[in-house]
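J.: Pasting the sequence and the predicted model now:
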Amino acid sequence: MPRRIGLAIALWALPLPAVSADTATSAGDTAWVLAASALVLLMTLPGLAMFYAGLVRAQAVLSVVMQCFAIACLSSVLWLAAGYSLAFGDSAGGLIGGFGKAFFAGVGPDPVRGAIPEIVFAVFQMAFAVIAPALLVGAWVERIRFPAVLIVSGAWLLLVYAPVCHWVRGGGWLAELGVMDFAGGLVVHVSAGVSALAIAKVLGGRRGFPGSVHPPHSPGMTAVGAALLWVGWFGFNGGSALAADAAAGMAVAATHIAAAAAAMTWAAIEWIRHGKASLVGAVTGAISGLAAAASASGFVGPAGALLLGAVAGAVCCAATDAVKKAWKIDDSLDVFAVHGIGGAAGALLVAVLASNTVGGPGSGEGVTAGGRIGVQALGVAAVAAWSLIATFLIVKATDALIGGLRVDEEDELVGLDLAAHGERGYDL
């Protein structure tokens, strides 16, 4: 099994090869990646939409769903037009792809990275390009103008996500260094988490922050959304093996174990602190474990996943307090603390947890854990720095372009459901 997992890892790290039309594809692998694509889309619609919507006031629930839905549509069109080409087109110095695959030019039945057609690979990656900018919604809920949502999300996809994806997944400079990111801990979670922190800092807090912010209006809705995210994550991580094989099976197993361990850890911390374990805390803990598993799931065994989840639950729980209480930043739904810190924890810990001693396939012949940690730390730092700087510039430019990011105080009080969309989530 370690040999088969190692083969999958090697295939994933390679740039897209040039292949002939008569190269065989695998019906089984293709079917699995198509199913995984649907599971990853399920993570945004309806998973993330419900998870976030339950955490806001009742007057803003539809605005959150609308933002997730609109970002999904916008990201899909941009991925077709240029995003896929920038991420997976021919590299320009290892930094960004070109426009040779714009509008999926030449993307068809020829297989890539194993035995799946490139069009299937492009659709699978499109689902990732949908959820990555949608994660940013958690940073600005209840106080941002809808045009700003679209502009920031679209620009972020092309200027932050696509380059980072190329660095790691498209044969760019981090891939050449051998960075380990099986399913997007760096590409999706670190980039979105750090970007969310920058957005929240520029935008400012919600009314009443930090002293009197309204509690989640529907923890039950949040739990249902988290459950859909958990199921969808099997496609997110398991599908990243790009084959229906042992690597996919191990990735799914590691994903599930990490989520369960993180949820139990977060709930235990709450119990120790307050004598009660909340539903919102438990499901948020599960998401932190899933985020940590994104980088590591294809490189660790079950024991490693258990340790990974426990660590992720503890550090992400601590990070939520640090961001809001110590840093005084209203990252409203804890995108940085859960996704940014969780993704970074997974990206760093995989260097150790991939060891054979904890059931992983090993770091590769002649590669030490110390050397691997250095590469992983460089990957985290580079992705975080680019995401922070580029997002700050995007937000500032958008602010100047449309004359302000925030809705006025009256609209914020009334709620964005009615103020921005003319609808109500509930007949209050």
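T.: All right, it came through fine.

J.: burial of residue 337, as a residue count?
T.: 25 (other CB atoms under 10 Å). Bear in mind the C-beta positions are built from the backbone N, C-alpha and C, glycine included.

J.: wait, doesn't it sit right on residue 316?
T.: Yes. The pair residue 337 / residue 316 is scored as a contact, 5.6 Å apart, by CB atoms under 8 Å.

J.: Which residue is the nearest non-sequential neighbour of residue 262?
T.: Counting by CB to CB, 6 or more residues apart in numbering, residue 289 is the residue found nearest to residue 262 once chain neighbours are left out, at 2.7 Å.

J.: Actually, residue 32.
T.: Per CB to CB, 6+ apart, closest to residue 32 is residue 244, 3.9 Å.

J.: Assign the one you found to helix, strand or coil.
T.: State at residue 244, reduced to three classes by DSSP: H, G, I helix; E, B strand; the rest coil: coil.

J.: ok, then the element right after the host helix or strand of the residue nearest to residue 262?
T.: In this structure, residue 289 sits in helix 279-296 according to DSSP states H and E. Downstream of helix 279-296, the next assigned helix or strand under DSSP H and E is helix 302-321.

J.: Which elements pack onto that next one?
T.: helix 246-274, helix 279-296, helix 341-353 (3 or more CB pairs under 8 Å, 6 or more residues apart in numbering; DSSP states H and E).

J.: Other residues contacting the helix or strand harbouring residue 412?
T.: Using DSSP H and E, residue 412 sits within helix 409-414. Contact partners of helix 409-414, identified using CB atoms under 8 Å, 6 or more residues apart in numbering, comprise 59, 142, 143, 206, 207, 406, 419, 420.

J.: now stretch 97-105
T.: The contact list for stretch 97-105 (CB under 8 Å, 6+ apart) reads 80-82, 84-92, 106-107, 119, 122, 162, 166, 170.

J.: If we use 10 Å, what do you get?
T.: 15-16, 79-92, 106-107, 118-119, 122-123, 126, 162-163, 165-166, 170-172 (CB atoms under 10 Å, 6 or more residues apart in numbering).

J.: Report the rounded mean pLDDT for that stretch.
T.: On average, the pLDDT along stretch 97-105 is 97.

J.: then that stretch to CSV, C-alphas only?
T.: Taking Å, rounded to 0.1, in the frame of the first residue of the first chain, the C-alpha atoms of stretch 97-105 are listed here in CSV:
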residue,chain,number,x,y,z
GLY,A,97,0.5,29.7,-16.3
GLY,A,98,-0.3,31.3,-19.6
PHE,A,99,-3.5,31.7,-21.6
GLY,A,100,-3.1,28.7,-23.9
LYS,A,101,-6.0,26.9,-22.1
ALA,A,102,-8.3,29.9,-21.9
PHE,A,103,-11.9,28.9,-22.3
PHE,A,104,-10.7,25.3,-22.0
ALA,A,105,-8.9,25.4,-25.4
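
J.: Give me the buried stretch members for it, please.
T.: Residues 97, 101, 102, 104 are the ones in stretch 97-105 that count as buried (16 or more other CB atoms under 10 Å).

J.: Please, where are all the helices along the stretch 101-250 of the chain?
T.: 118-134, 137-140, 146-156, 162-169, 173-177, 191-203, 219-233, 246-274 (DSSP state H, counting those that start in this stretch).
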